[in-house]
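1. coords below, sequence missing:
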């Protein structure tokens with residue numbers, strides 16, 4: 001008991017300072033927590049204003065039509081790739097799973113569909129080691 005009393009007397013100022021810091025930290029945390037509960041967070045909405053000239057409103061340019069057709073071709077190719085078990089490119093000897101990142105890079109006009117791995121191997125294709133293990 002005497003050792004504890006001597007310790008408290010010797011380090012009285014340092015202990016008071018440490019306890020004070022801890023109390024300030026706890027009170028600050030509680031205040032921030034309660035303040036956060038009180039304030040409602042509203043979602044952030046970003047609006048973009050698009051200005052359209054009346055002359056251009058009803059007409060599509062040739063570039064817009066081409067990009068729309070390319071999007072349709074890409075969508076058709078993706079649908080075709082998903083229905084295949086394995087896909088490959090006309091320009092490559094590798095085959096991939098349709099979900100593989102390499103398969104998604106194949107242009108729609110070069111996409112070749114395979115129903116089985118054996119069918120692809122008979123046509124001289126090799127399984128891509130990163131997609132098919």
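-> That came through fine. If you're wondering where the values come from, they're calculated on a predicted model, not measured in any experiment.

2. From the centroid of this protein, which residue is nearest?
-> Nearest to the mean C-alpha position of the chain, by CA atoms, centre = their mean, lies residue 101 at 14.5 Å.

3. for the record, mean pLDDT for the strand or helix carrying residue 23?
-> Per DSSP states H and E: residue 23 is located in helix 12-38. Averaging pLDDT along helix 12-38 gives 90.

4. Show me what it is packed against.
-> In terms of contacts (3 or more CB pairs under 8 Å, 6 or more residues apart in numbering; DSSP states H and E), helix 12-38 is not packed against any helix or strand. No exception for glycine: its C-beta is placed from N, CA and C like everyone else's.

5. count of neighbours near residue 97?
-> 17 (other CB atoms under 10 Å).

6. isn't it right up against residue 84?
-> No: using CB atoms under 8 Å, residue 97 makes no contact with residue 84, being 9.3 Å away.

7. circling back: now find how far off-centre the helix holding residue 23 is within its chain.
-> Computed by CA atoms, centre = their mean, to the nearest Å, the chain-centroid distance of helix 12-38 equals 39 Å.

8. List the contacts of stretch 28-35.
-> Outside stretch 28-35, no residue is within contact range by CB atoms under 8 Å, 6 or more residues apart in numbering.

9. And residue 47, how close does it get to residue 23?
-> 46 Å (CB to CB, to the nearest Å).
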